[in-house]
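Q: Give me coordinates for this.
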Amino acid sequence: MEKILIGYQLYSAREEMANDFRGTLEKVKALGYDAVEFAGLFGRAPGEIRKMLDEVGLTAISAHVPYDVIRADMDQAIRDYQQIGCRYITVPFLGDQDRPGAPGFAKVIALIRQFGEKCKKAGITLLYHNHDFEFVQVSGMYGLDFLYDAVPAEYLETEIDTCWVRYAGEDPAAYIRRYASRCPIVHLKDYVGVKGGAQPYALINADGSDDGKNENVAFQFMPVGYGCQDVAAIIRAGLESGAHTFIVEQDQWYDRHPLEAARMSLETVKRLLK
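A: Below is the predicted model:
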C-alpha cells in the first residue's frame, strides 16, 4: 500500500514564500508535512527548487500551473515541473471566458486532453482542480462532470477541492467517491459562512500572487477541522477511493499567521488518519 502523504499548498503561504523561499519550505517541513504543492515558482529556477527540496526533505507532489502558461508552451511546462520532481501537474483555475457555459470551454476541453496526452508520455499525471463555477449545467450535467466525461481518465484525473464542492451545494465525500480510482490527490479546505454575492476567491496570477479581490464577508476560510466540513467523512472517502495524498490549503488567514493555520490543519488531518 502506498504511503499516505499530507501535503501543503504553498499558495497558502505565498507572501512567506516570496520573502523567504527556502526558509518557508524548512518551516513547512518542521511542522510535519511530507509534501508540497506549488502555485508559482517565485522567480526560482526549477533545478534550484529541486535542490532545495532534496536538502529540506520535502516531496514536490504536484504543481498548480496556470491555464495560460500551459496554453503558451505545454512542453516547457512539462520540462520545468519534471525537473522539480512533480508527479502531477494541475490545471488550477479558469477565467470567465473559459469556464463551463462560456464560449471558450470547448477549446479548454480539447487543450486539456492534448496536454494530458503529453503529460502521460512524460510520466506525469494531469489533474484538474475545481472551484464552484464548474457546478453549472452543461448538456444536462455539471460542467465538472462534463469535463471528466469528455477527457478519458488516462489523460486527466481529479483533484477535488472539497471546499468548493460543498460551497456549490454538493457533498464532498460523495463527490470523491464518484471518482473513485481517479482521485489520487484531495484538497482539504475548510470554511464558515454561506454562499453570498461576492466572489470568495481571488484570481491567481502565474507567479502565485493574486488580485486580492475576495471580499465576501459572509464567507471565511478556516484551518481544516475548524469550519463546517465533515473532515473525517472526506478523508474516509478519499482513502476508500484510492487517494494517496491529502493537501491542506487555506486561501486567507485573517487574524493568524498562515503557518499557524497550517499547524492547526495538520493536527486535524494527522488525528483523523490514525
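
Q: Show the residue spans covered by the helices in the stretch 151-274 of the chain.
A: 162-167, 172-178, 231-240, 258-273 (DSSP state H, counting those that start in this stretch).

Q: Please work out which residues outside the last one touch it.
A: The set of residues that contact helix 258-273 without belonging to it, under Cβ atoms under 8 Å, 6 or more residues apart in numbering, is 4, 6, 8, 12-13, 15-16, 24, 27-28, 31-33, 188, 190, 223-226, 231-232, 235, 246, 248, 250, 253. Using the backbone N, CA and C atoms, a C-beta is placed for each residue, glycine as well.

Q: Narrow those residues to those that are buried.
A: With burial judged by 16 or more other Cβ atoms under 10 Å, the buried subset of those is 6, 8, 12-13, 16, 24, 27-28, 31, 33, 188, 190, 223-226, 231, 235, 246, 248, 250, 253.

Q: Among those, which ones are in strands?
A: Among these, DSSP state E puts 6, 8, 188, 190, 246, 248 in strands.

Q: Looking at the residues you listed, which one is closest to residue 94?
A: residue 188 (21.8 Å; Cβ to Cβ).

Q: The closest one - nearest residue in space that isn't next to it in sequence?
A: residue 224 (4.9 Å; Cβ to Cβ, 6 or more residues apart in numbering).

Q: same deal with residue 261?
A: Using Cβ to Cβ, 6+ apart and skipping residues adjacent in sequence, the residue nearest residue 261 is residue 223, 4.6 Å away.

Q: Local confidence estimate at the one you found?
A: Residue 223 is assigned a pLDDT of 98 by the prediction.

Q: repeat for residue 101
A: 95.

Q: Enumerate every residue touching it.
A: Applying Cβ under 8 Å, 6+ apart to residue 101 gives the contacts 136-138, 143.

Q: If you rank these by neighbours, which is first?
A: residue 143 (23 neighbours; other Cβ atoms under 10 Å).

Q: Look up the pLDDT of it for me, please.
A: At residue 143, the model reports a pLDDT of 98.

Q: how deep is the residue nearest to it when sequence neighbours are not counted tucked in, by neighbour count?
A: Spatial nearest neighbour of residue 143, excluding adjacent residues (Cβ to Cβ, 6+ apart): residue 100 at 2.3 Å. The local packing of residue 100 (other Cβ under 10 Å) involves 22 other residues.

Q: Looks like residue 100 contacts residue 132 (just checking).
A: No - counting by Cβ atoms under 8 Å, residue 100 stays clear of residue 132, with 11.1 Å between them.

Q: Now do the strands in the stretch 1-150 of the chain.
A: In the stretch 1-150 of the chain, the segments counted as strands under DSSP state E, counting those that start in this stretch are 5-9, 35-38, 59-64, 88-91, 125-129, 137-138, 141-142.

Q: who wins for proximity to residue 80 among the ones you listed?
A: strand 59-64 (8.5 Å).

Q: what angle separates that closest one from strand 125-129?
A: Interaxial angle of strand 59-64 relative to strand 125-129 (axes from the mean of the first three to the mean of the last three Cα atoms, to 10 degrees): 60 degrees.

Q: quick one: buried residues of stretch 168-177?
A: The neighbour-count check on stretch 168-177 (16+ other Cβ under 10 Å) flags 168, 170-173, 175-176 as buried.

Q: Including pLDDT and distance to residue 86, could these go into CSV?
A: Shown next, in CSV, are those (pLDDT from 0 to 100; distance: Cβ to Cβ, whole Å):
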residue, pLDDT, distance to residue 86
168, 95, 28
170, 97, 28
171, 98, 30
172, 98, 25
173, 98, 27
175, 97, 24
176, 98, 22
